[in-house]
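**Student:** Provide a 3D model corresponding to the input given below.
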Amino acid sequence: MDISLYTSFMSEEIRDEGRAQGRAQGRADSLLLVLDVRGIALTEAAREKITACADTQLLHQWLERAATATTAEEVFAKGPQGH
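**Tutor:** Okay, here's the model as predicted:
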């Protein structure tokens with residue numbers, strides 16, 4: 001059995017990309033859960049913005065803001081408070 005596919009550079013890139021996508025999906029799921037538990041309503045557009053985001057740092061920022069935000073707009077806000 002040839003295992004070179006499992007150790008090739010390309011397969012490593014594919015695995016790394018999969019891990020990054022998994023981290024982004026996990027953060028998006030966590031963000032949606034926090035917003036739901038806190039009773040913060042989301043429009044369909046806001047929900048799509050969260051689930052479509054692949055930037056783990058941005059998702060982390062939104063998740064931090066969701067801990068204290070009172071509206072979805074505060075979660076997505078840019079500025080001194082929102083970094």
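
**Student:** for the record, mean pLDDT for the helix or strand harbouring Glu17?
**Tutor:** With elements taken from DSSP states H and E, the one containing Glu17 is helix 9-37. Throughout helix 9-37, pLDDT has a mean value of 85.

**Student:** Toward the C-terminus, what is the element adjacent to that helix?
**Tutor:** If you walk from helix 9-37 toward the C-terminus, the next helix or strand you reach (DSSP H and E) is helix 44-52.

**Student:** which outside residues touch that next one?
**Tutor:** Ala28, Leu31, Leu32, Leu42, Leu59, Trp62, Ala72, Phe76 (Cβ atoms under 8 Å, 6 or more residues apart in numbering). (Glycine included, C-beta is placed from N, CA and C.)

**Student:** Looking at those, state which has the most neighbours.
**Tutor:** Counting neighbours by other Cβ atoms under 10 Å, the top entry in those is Trp62, with 25 neighbours.

**Student:** Run the angle between the helix or strand encompassing that residue and helix 9-37 for me.
**Tutor:** With elements delineated by DSSP H and E, Trp62 resides in helix 56-66, which encompasses its position. Relative orientation of helix 56-66 and helix 9-37, computed by axes from the mean of the first three to the mean of the last three Cα atoms, to 10 degrees: 10 degrees.

**Student:** Just the closest of the contacts of helix 44-52 to Ala20, please.
**Tutor:** Minimum separation from Ala20 among these (Cβ to Cβ) is found for Leu59, which lies at 11.4 Å.

**Student:** Distance check, the closest one against Ser8.
**Tutor:** Separation of Leu59 from Ser8 (Cβ to Cβ, to the nearest Å) stands at 30 Å.

**Student:** related to what we said a few turns ago, mind putting the contacts of helix 44-52 into JSON lines with distance to Ile50?
**Tutor:** What follows is these, written out as JSON lines (distance: Cβ to Cβ, whole Å):
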{"residue": "Ala28", "distance to Ile50": "5"}
{"residue": "Leu31", "distance to Ile50": "6"}
{"residue": "Leu32", "distance to Ile50": "6"}
{"residue": "Leu42", "distance to Ile50": "8"}
{"residue": "Leu59", "distance to Ile50": "8"}
{"residue": "Trp62", "distance to Ile50": "7"}
{"residue": "Ala72", "distance to Ile50": "9"}
{"residue": "Phe76", "distance to Ile50": "9"}
